[in-house]
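[1] Give me coordinates for this.
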Amino acid sequence: MIPVTRGELHIIGVESADTRVAVCVVRCVGGVARTGQAYEAGSLVLDRIEKFGYGLDAVDPPHSAKVRLVGEGVARILARTVISTDGPRRSTYGGPPEPWRAAEDAPGGRIVRGRDDFEAWAAEQDPGDFAEPFTYVVDGDGFLRLAPRRSEHVACAGRASVRAAGEVAFGRAGGRLEVVEVSNQSTGYCPDPDCWPSVAAALDGAGIPRPARFTHEFLFRHCTGCTALNVVREEHFVCVFCGEDLPGAARPPGLS
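    Sure thing, here's the model as predicted:
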């Protein structure tokens, strides 16, 4: 029997994929990855691990390997995403304390579980509001929550941890609202771009047509030296404020 253990794999690249099988180059970034493990709520199974042409039973951080993944979740595999045996990774709030305190008494975002919820929410908005993006989060249960753009993400989430957070803009195609822009821009939660599968699933569940991935993508890192928040550009993991190296995968401590 496979030991019960947690595993997280960073997808470096996808070598081949069809509807049920994908061969990927990965790096283990958490726990221990073992053959037979189920990932992403059971939608993927780690079928094979290979290193230098030899089959392995397991791989641990920070080692890389070639793996074969099978299951219905193959269609959602993208390079630079992270898959986990715990299901979608969550982010906790790590921004300034003032928005956190203010969010205690602020209304949370509107939960959108389906198209009817979305249409009801859209009907309540002023038409002019659609000229700019809205604040969104994907909550711990995987549902989309929407709030006005100037709302804090931590308030939209009710101060809870989230699967994803950012901004989303809607436009009409044939009279029907759809997503025209969507990002992971949230300096409070700082979600990595690998949260896209959670965003896609939440939008699909709400019946809202969407792009194939983020239209604007951000990679945030807090400096371990001066603690400043950086936006990483062109894989340059160096703090622009103090020159210290930035962590490759670490996240700031959250308040929730």
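
[2] The residue nearest in space to the middle of the chain: what secondary structure?
    Compute the mean C-alpha point of the chain, and by Cα atoms, centre = their mean the closest residue is residue 195, 1.1 Å away. Three-state assignment for residue 195 (DSSP: H, G, I helix; E, B strand; the rest coil): helix.

[3] which ones are touching it?
    Residue 195 makes contact with 88, 89, 91, 138, 163, 164, 165, 184, according to Cβ atoms under 8 Å, 6 or more residues apart in numbering. (C-beta placed from N, C-alpha, C; glycine too.)

[4] if you set the cut-off to 7 Å instead, what comes out?
    Shown in contact with residue 195 (Cβ atoms under 7 Å, 6 or more residues apart in numbering): 163, 164, 184.

[5] Also residue 142?
    Taking Cβ under 7 Å, 6+ apart, we find residue 142 in contact with 163, 198, 201, 202.

[6] and the second one, what does it touch?
    Contacts for residue 198 were tallied using Cβ under 7 Å, 6+ apart; they are 88, 138, 142, 163, 164.

[7] Scan those residues and report the most crowded one.
    residue 164 (31 neighbours; other Cβ atoms under 10 Å).

[8] Is that one bridged to anything, and to what?
    Beta-bridge pairing for residue 164 (DSSP bridges): residue 138.

[9] these two touch, right, it and residue 191?
    Yes: look at residue 164 against residue 191 with Cβ atoms under 7 Å: they come within range, at 5.3 Å.

[10] Overlap in contacts, these two.
    Common neighbours of residue 164 and residue 191 (Cβ under 7 Å, 6+ apart) are residue 184.

[11] What ranges in the stretch 51-200 of the chain fall below the confidence cut-off?
    In the predicted model of the stretch 51-200 of the chain, residues 80-81 satisfy pLDDT under 70.

[12] what about the strands in it?
    Remark: strands assigned in the stretch 51-200 of the chain by DSSP state E, counting those that start in this stretch are 54-56, 58-59, 64-70, 82-84, 110-112, 134-139, 144-147, 162-173, 176-182.

[13] For the shortest one, name the packing helices and strands.
    For strand 58-59, the elements it packs on are strand 33-34, judged by 3 or more Cβ pairs under 7 Å, 6 or more residues apart in numbering; DSSP states H and E.

[14] which other helices and strands contact the strand it packs on?
    Using 3+ Cβ pairs under 7 Å, 6+ apart as the test, strand 33-34 ends up in contact with strand 7-17, strand 44-51, strand 58-59.

[15] quick one: residue 213 and residue 106, what's the gap?
    Note on residue 213: its distance to residue 106, by Cβ to Cβ, to the nearest Å, is 30 Å.

[16] Ok, residue 97 next?
    The spacing between residue 97 and residue 106, counted by Cβ to Cβ, is 14 Å.

[17] With residue 203 instead?
    Using Cβ to Cβ, we find residue 203 at a distance of 24 Å from residue 106.

[18] Between these two, tell me which one has more neighbours.
    Per other Cβ under 10 Å, whichever of residue 203 and residue 106 has more neighbours is residue 203, with 22 against 16.
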